[in-house]
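Enquirer: Below is the sequence, then the predicted model.
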Amino acid sequence: MSGFVKGSMSNAAPLELFKAAYWENFAGDMAGCERQLAAVSGEPGGSLGESCLLTLEAGGKRLRPLLVFLSTPRGASIGEAHHAAAAAVELVHMATLVHDDILDGADLRRGKPTLAAKYGRGISISAGDYLFSSAFKILTATGSARCVALLSDASLDLSLGELLQMEQTRDFGLSPDAYFERCRLKTASLFSTACMLGAVLGNCSGPVVAAMRDFGLNLGLAFQVADDILDFSGDTGAIGKRAGADLRDGTVTLPLVMALERDGSLLNLLGEDLSAPEIDEICSRVRNTGALDEARSRALALVDQANESLAAAAGEFDTAPLALIARVAADRGA
């Protein structure tokens, strides 16, 4: 059973509502996806297989594969192609986490050692490459050139988003628009693709596929804003990584952008090689500006936009579980 069910969001009202009303409809499909991910991850054997399985065992909410299943229209069956698409989306996500941790020099991911910390850079790079390549091998087997093209476009966005994040490192004059463009590329694109994959495999019309694209895009942006809030408000046990990780890396996020607009003197505290007490002080100062509440309001507004996009798909979808999942995403990132 994935972390989506038993993870640290278990007390969140939207998640509890989803589990009570809808989870049993998708539990079998999600369990099948988990088995496929385990089979792919362990297939190489040796250190490479162990490292891929470690990434899988770190857990996560599995929101992306769930979105593939939720985006299957009313009356359409969830078949092997959907399972392949769900696994492929998660494998791409897993690969990006491995590569991100290498680039960031992170030693924790979801409360457990990263591959780079446990196995070193070389094996970690190989593991990320293997997971990424496996995603396309699985998806190609569906015979859907359109699905492969969608995931290819999302993968390109992920790469561009990572490059943009590097360029924006310690850019404390970053605008909200520049922040959201990075989030669109690095996070929201894959959520959007997951929704489109389900709709395409369900033979939905062009306008409905577009509606699901927009839904996933706004959901993904809300998810990232919620995750960035946690970097200032959460603790290591709750978020599975060191609080203030973005500050250590020099990654400028929406809460910091908003806090700097309210308290320009914060700029005097920001720099490289921040100590733990300095990070604690910055986090406290950011919280005191009210920027976190403002960022939460922005995340909820994005959820509203996501749900507005569903109106065009209401004739073909049961939109209620999708709307709940959008609230889950904004309630807490993963």
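Expert: Cool, the structure landed. The structure presented is a predicted model; accordingly, all values stated were derived computationally and were not measured.
Enquirer: Going by neighbour count, list what's buried in stretch 280-290.
Expert: Residues of stretch 280-290 classed as buried by neighbour count (16 or more other Cβ atoms under 10 Å): 282-283, 285-287, 289. Backbone N, C-alpha and C define where each C-beta goes, glycine included.
Enquirer: Which of the residues you listed sits closest to Ser275?
Expert: Of all those, Ser275 sits closest to Ile282, with 10.6 Å by Cβ to Cβ.
Enquirer: give me the element that closest one is part of.
Expert: For Ile282, the element it lies in under DSSP states H and E is helix 276-288.
Enquirer: Quick one: mean pLDDT for that helix?
Expert: Across helix 276-288, pLDDT averages out at 95.
Enquirer: swap in stretch 45-65?
Expert: pLDDT averaged over stretch 45-65 gives 88.
Enquirer: got the end-to-end distance for that stretch?
Expert: 25 Å (Cα to Cα, to the nearest Å).
Enquirer: Now Thr114. Its backbone dihedrals?
Expert: With angles defined as degrees, to the nearest 10, Thr114 sits at phi -70, psi 160.
Enquirer: Would you mind listing the residues in contact with the spatially closest residue to it that is not a sequence neighbour?
Expert: Leaving aside its sequence neighbours, Thr114 sits nearest to Asp101 (Cβ to Cβ, 6 or more residues apart in numbering; 4.1 Å). By Cβ atoms under 8 Å, 6 or more residues apart in numbering, the contact set of Asp101 is 109, 114-116, 124.
Enquirer: May I ask which of the residues you listed has the most neighbours?
Expert: Neighbour counts for these, by other Cβ atoms under 10 Å, peak at Leu115, which reaches 27 neighbours.
Enquirer: That residue against Ser51, yeah?
Expert: Yes. In this structure, Leu115 is within contact of Ser51 by Cβ atoms under 8 Å, at 4.9 Å.
Enquirer: Find residues that contact each of those two.
Expert: Among the neighbours of Leu115, those also in contact with Ser51 (Cβ under 8 Å, 6+ apart) are 123-124, 127.
Enquirer: Out of those, list just those in strands.
Expert: Among the shared contacts of Leu115 and Ser51, no member falls in strands (DSSP state E).
Enquirer: so which of these comes closest to Asp29?
Expert: Of all those, Ala127 has the smallest distance to Asp29: 25.9 Å, by Cβ to Cβ.
Enquirer: Count the neighbours of the closest one for me.
Expert: Other residues lying near Ala127 total 29 when counted by other Cβ under 10 Å.
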